[in-house]
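Student: got a predicted structure here, sequence first:
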Amino acid sequence: MLNAVEPGTEIPIHRHPAKDESFVVLRGKVRSTTYNDDGSVLESVVLCAAEGRYGVDIPKGVWHKLVSLESGSVVFECKEGLFVEHEVEGILEVKSAK
């Protein structure tokens, strides 16, 4: 699937329990971030084809999100099977410390 995203577009933190997922940036710049179960950042990488950082593979069960950093960004998203919308338990809610 192709995702055309503009700054301010954020795919919320989620995971796929049974599917790996790959992102390849075709144009522009996006940030891919992975998280531990407690919401702490595992890894954060800026993908930008012009700078030679093309993509990431996200293993099944790993919390992740994608954020657009540049106007006109296009990302190829690939995972096995049909598109299935996330259920509430597939979204990680990170509670901020007070």
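Tutor: Nice, thanks for sending it over. This one's a predicted model, so the numbers in the text were calculated from it and none came from an experiment.
Student: how near is the nearest residue to Tyr54 once chain neighbours are set aside to Gly39?
Tutor: Take Tyr54 and drop its neighbours on the chain: the residue closest to it by C-beta to C-beta, 6 or more residues apart in numbering is Val24, 5.6 Å away. Just so you know, the C-beta spots here come from the backbone N, C-alpha and C atoms, and that holds for glycine as well. Val24 is 26 Å from Gly39, where distance means C-beta to C-beta, to the nearest Å.
Student: and the strands in the chain?
Tutor: Counting by DSSP state E, the chain has strands at residues 2-5, 10-14, 21-27, 29-35, 41-48, 55-58, 63-68, 73-79.
Student: and the last one with strand 29-35, angle?
Tutor: For strand 73-79 and strand 29-35, the angle between their directions (axes from the mean of the first three to the mean of the last three C-alpha atoms, to 10 degrees) works out to 40 degrees.
Student: quickly run through the sheet partners of strand 73-79, with directions.
Tutor: Sheet pairing for strand 73-79, assigned by DSSP bridges, gives strand 2-5 (antiparallel), strand 21-27 (antiparallel).
Student: ok so, going back, any chance of the strands of the chain in a markdown table, plus mean neighbour count?
Tutor: Converted to a markdown table, these look like this (neighbours: other C-beta atoms under 10 Å):
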| stretch | mean neighbour count |
| --- | --- |
| strand 2-5 | 14 |
| strand 10-14 | 15 |
| strand 21-27 | 17 |
| strand 29-35 | 19 |
| strand 41-48 | 14 |
| strand 55-58 | 16 |
| strand 63-68 | 21 |
| strand 73-79 | 17 |
